[in-house]
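K.L.:
everything below, folded, please.
(one chain, ligands or ions: 1)
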Amino acid sequence: TSLAAARYGKDNVRVYKVHRDEKTGVQTVVEMTVCVLLEGEIDTSYTKADNSVVVATDSIKNTIYITAKQQPVTPPELFGSILGTHFIEKYSHIHAAHVNIITHRWVRMDVDGKPHPHSFVKPGSETRNVQVDVIEGKGIDIHSSINGLTVLKSTGSQFWGFVRDEYTTLKETLDRILSTDVAASWQWRRFSGLSEVKANVNKFNHAWETARNITLKTFAEDNSASVQATMYKMSELILAAVPDLDTVSYSLPNIHYFEIDLSWHKGLKNTGKDAEVYAPQSGPNGLIKCTVARS
Ligand SMILES: O=c1[nH]c(=O)c2nn[nH]c2[nH]1
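P.N.:
Below is the predicted model:
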């Protein structure tokens, strides 16, 4: 046998960092969950029980906290690039570092109509994530994403004209509920190294804001012919707005809300244009994926 592939490290490293502005007293918080996996000349630690090549995962965890203390932790694309670059520069036998960062959203609380200096709300399960792959001699590949952004529209969604055959029971509709948990991601062009990431640092927050705004606006305004058609429009708009992206991807579960026929109860109308009470479904759910390139 031989080792076809190997990478190891520490997962689920939870990090919180506060920034205290001495002048204004305003405090800002960041919370993230970090995973760092290392690749390189580590085969003998698997094949020969040779631990001399192992940077202990405990040391990797320590490095994450030290780097979070000494370096900026936002945007996550920058922190991931700094962290990954550290490992390939510090250890000559490590040739790639794969950093995954899940940043949780602490949104500043409004109290009496004013943003509070040190209080925050977590608005749900939405996160901002990055996968940063620092590859020695090649550069830095960054994949950014929005996850867990749950949306619903009560109309403005259709689905008809699909294959009808002996397997089909689904009725065509010009007006349905559409709900999904948005997973949107975008692949940056390769950066030559940390200095180029730093030179482009302002693009990362702009891209996240742009992708999030386009996703919400298109979801709301498009009279959707299908999940497929709407997610493609979102992708096209994001690529047009952010020139440094190579591709945009979506993975959208179609969370169904079924009509309930109540006509058996004294002829109660609750289907089609009379539908008001629906049964939200936890599963089965549609799952629609795409990756859109520039051409
Ligand atoms: O938007 C949709 N796309 C589909 O492919 C599908 N299949 N059933 N319902 C659906 N809705």
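K.L.:
Thr47 touches Leu3, doesn't it?
P.N.:
Yes - between Thr47 and Leu3 a contact is recorded at 6.0 Å, counting by C-beta atoms under 8 Å. Yep, even glycine has a C-beta here, placed from its N, CA and C like the rest.
K.L.:
quick one: Val130 is in a helix?
P.N.:
No - the assignment for Val130, made by DSSP: H, G, I helix; E, B strand; the rest coil, is strand rather than a helix.
K.L.:
helix, strand or coil for the closest residue to Leu268 other than its chain neighbours?
P.N.:
Nearest non-adjacent residue to Leu268, counting by C-beta to C-beta, 6 or more residues apart in numbering: Leu262, 4.1 Å away. Counting by three-state DSSP, the backbone at Leu262 sits in coil.
K.L.:
hang on, Leu262 packs against Glu276?
P.N.:
No - checked against C-beta under 8 Å, the pair Leu262 and Glu276 is beyond contact range at 10.0 Å.
K.L.:
spell out which residues are contacts of both of the two.
P.N.:
The contact sets of Leu262 and Glu276 overlap at Asn270 (C-beta atoms under 8 Å, 6 or more residues apart in numbering).
K.L.:
show me which of those two is the more surrounded one.
P.N.:
Comparing Leu262 with Glu276 by other C-beta atoms under 10 Å, the one with more neighbours is Leu262, at 16 against 9.
K.L.:
next one: Phe258 from Ser224, what distance?
P.N.:
Distance, Phe258 to Ser224, using C-beta to C-beta, to the nearest Å: 18 Å.
K.L.:
in the stretch 51-200 of the chain, what residue comes closest to the ligand?
P.N.:
Phe159 (4.5 Å; C-beta to the nearest ligand atom).
K.L.:
give the contact list for that residue.
P.N.:
Here Phe159 is in contact with 170, 172-173, 176, 225-226 (C-beta under 8 Å, 6+ apart).
K.L.:
what about Pro284, neighbour count?
P.N.:
9.
K.L.:
next up, the contacts around it.
P.N.:
Per C-beta under 8 Å, 6+ apart, neighbours of Pro284: His256.
K.L.:
wasn't it part of a helix?
P.N.:
No - per three-state DSSP, Pro284 lies outside any helix segment and is coil.
K.L.:
my read: Thr103 touches Glu31, true?
P.N.:
Yes - counting by C-beta under 8 Å, Thr103 does reach Glu31; the two are 7.1 Å apart.
K.L.:
please say which of the two ends up with more neighbours.
P.N.:
Between Thr103 and Glu31, counting by other C-beta under 10 Å, Thr103 is the more crowded of the two (21 against 18).
K.L.:
helices or strands up against the host helix or strand of that one?
P.N.:
For Thr103, the host element (DSSP states H and E) is strand 94-104. Applying 3 or more C-beta pairs under 8 Å, 6 or more residues apart in numbering; DSSP states H and E, we find strand 94-104 packed against strand 27-40, helix 76-90, strand 127-135.
K.L.:
and it, what's its mean pLDDT?
P.N.:
Strand 94-104 shows a mean pLDDT of 98.
K.L.:
just the buried residues of it, please?
P.N.:
94-104 (16 or more other C-beta atoms under 10 Å).
K.L.:
can you check stretch 244-259 too?
P.N.:
With burial defined by 16+ other C-beta under 10 Å, the residues of stretch 244-259 counted as buried are 245, 247-257, 259.
K.L.:
so what secondary structure elements neighbour the top helix by length along the chain?
P.N.:
In the chain, assigned by DSSP state H, the helix with the most residues is helix 202-221. Helices and strands touching helix 202-221, by 3+ C-beta pairs under 8 Å, 6+ apart, are helix 76-90, strand 139-153, strand 178-188, helix 227-241.
K.L.:
send me the following helix or strand past the shortest one as CSV with only the CA atoms.
P.N.:
Just to be clear, that refers to strand 178-188. Next helix or strand after strand 178-188 toward the C-terminus (DSSP H and E): helix 194-199. Only the C-alpha atoms of helix 194-199 are listed here, as CSV (Å, rounded to 0.1, in the frame of the first residue of the first chain):
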residue,chain,number,x,y,z
LEU,A,194,-0.2,37.2,1.2
SER,A,195,1.1,40.5,-0.1
GLU,A,196,-1.4,40.4,-3.0
VAL,A,197,-4.2,39.4,-0.6
LYS,A,198,-3.4,42.4,1.6
ALA,A,199,-3.3,44.7,-1.5
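K.L.:
need the residues that contact helix 194-199.
P.N.:
77-78, 81-82, 85, 139-140, 142, 191.
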